[in-house]
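Trainee: generate coordinates for the sequence data below:
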Amino acid sequence: MKKNIFDKMSDSYEKFHFKDSEVHVGNDTLYISPRIKLILGWSLFILCCVLAYALLGNPFVEKKNKGISQEQKQEILEQEVDEEKEHATMVPYEKDDNEDLNAFIDEYFTAVTSCDNVKLQDMVTDPSEYSDNEALKKKADFITKYDNLTVYTKDGLDEGSYVAFVVSNLTITGVNSAPFDIVTLYIVTGAQGFRIVNGELSEETKDYIAKIKGDKDIQKVFQSVEKENGKLKEKDDSLKEFYEIISRRDVETESGADDLTTEAADGQESTGDGAANDDNNDNAAEEAPAEEE
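Mentor: Okay, the predicted model is just below:
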């Protein structure tokens, strides 16, 4: 009986997959067993999948549309909101989203504690602030390290700019625990890379920053810092005494972004710039944010 096309295809499939394949090399003949063919086939398939993922990314994950347009930023400026109170999030933050920016901020705080005024002059928009390092030395006498940096960023008003809310654990001379600190930095991107704006900001930029600082998502971070520091002060008398001292002396930050300094604990002025412990931030982020003092 004459075989139809499907019978022929079935015979070819069986011959290729379930029988040894012959490969003629010159006068020699190599026999490839079905098991070897199966291993080679799957290996080739997996390799193709890996290459496709590397080149195209994961096609099953929806890409986030990061950033907002200039039109949206203008709409935020036009919105009437109470800047002293928490409100619905207008610009969602990104957490540790930009590795290069994180590295820059980490470098900045390292330069602050090491009193490297030459390095700092190259990291800010107004180098004259760090023409000498006397102020840095005074600060480094009591704040010796910033640990566990966590950076929450929102789009800045200018193209290529960021509002960075940086949380950290401080190492303070004479204090047993490592309290949290939070500071707000306005960072711009230019031909020479990132720069922290330490000069006067425009009124529009100040208004924009004040509005997005009241966003619900970032207020949860502020609440987290305040809550954790409150717990630490209850357990650590040395920390409590430190806050009493800076309260009496009205110590201000020397970060190069004084106008943007936020409050870290119980209404105390932030003692510096920093970044934070992820677990503590994430835990507190589950709770309702408090009004910023």
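Trainee: what's the first helix or strand after the strand ranked longest in the chain?
Mentor: In terms of residue count, the longest strand belonging to the chain (DSSP state E) is strand 143-155. Counting by DSSP states H and E, the next helix or strand C-terminal to strand 143-155 is strand 162-172.
Trainee: pairing partners for that next one, with directions?
Mentor: strand 143-155 (antiparallel), strand 180-190 (antiparallel) (DSSP bridges).
Trainee: just the mean pLDDT for that strand, thanks.
Mentor: In this model, strand 162-172 carries a mean pLDDT of 96.
Trainee: so which of the strands paired with strand 162-172 is the most packed in?
Mentor: Of all these, strand 180-190 has the most neighbours on average by mean count of other CB atoms under 10 Å, namely a mean of 23. The C-beta positions use only the backbone N, C-alpha and C, and glycine is treated the same way.
Trainee: using CSV, write out every CA atom in that one.
Mentor: Output in CSV follows, covering the C-alpha atoms of strand 180-190 (Å, rounded to 0.1, in the frame of the first residue of the first chain):
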residue,chain,number,x,y,z
PHE,A,180,18.8,57.0,61.1
ASP,A,181,19.3,60.2,59.1
ILE,A,182,17.4,61.5,56.1
VAL,A,183,18.2,64.3,53.8
THR,A,184,16.9,65.7,50.5
LEU,A,185,19.3,66.5,47.7
TYR,A,186,18.6,68.1,44.4
ILE,A,187,20.9,66.6,41.8
VAL,A,188,21.4,67.7,38.2
THR,A,189,23.1,65.9,35.3
GLY,A,190,25.5,67.7,33.0
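Trainee: quick one, strands of this protein?
Mentor: Under the criterion DSSP E, strands of the chain are mapped to 21-25, 28-32, 94-95, 143-155, 162-172, 180-190, 193-196, 263-265, 268-269.
Trainee: related to what we said a few turns ago, looking at the strands paired with strand 162-172, which is closest to residue 173?
Mentor: Among those, the nearest to residue 173 by CB to CB is strand 143-155 (6.1 Å).
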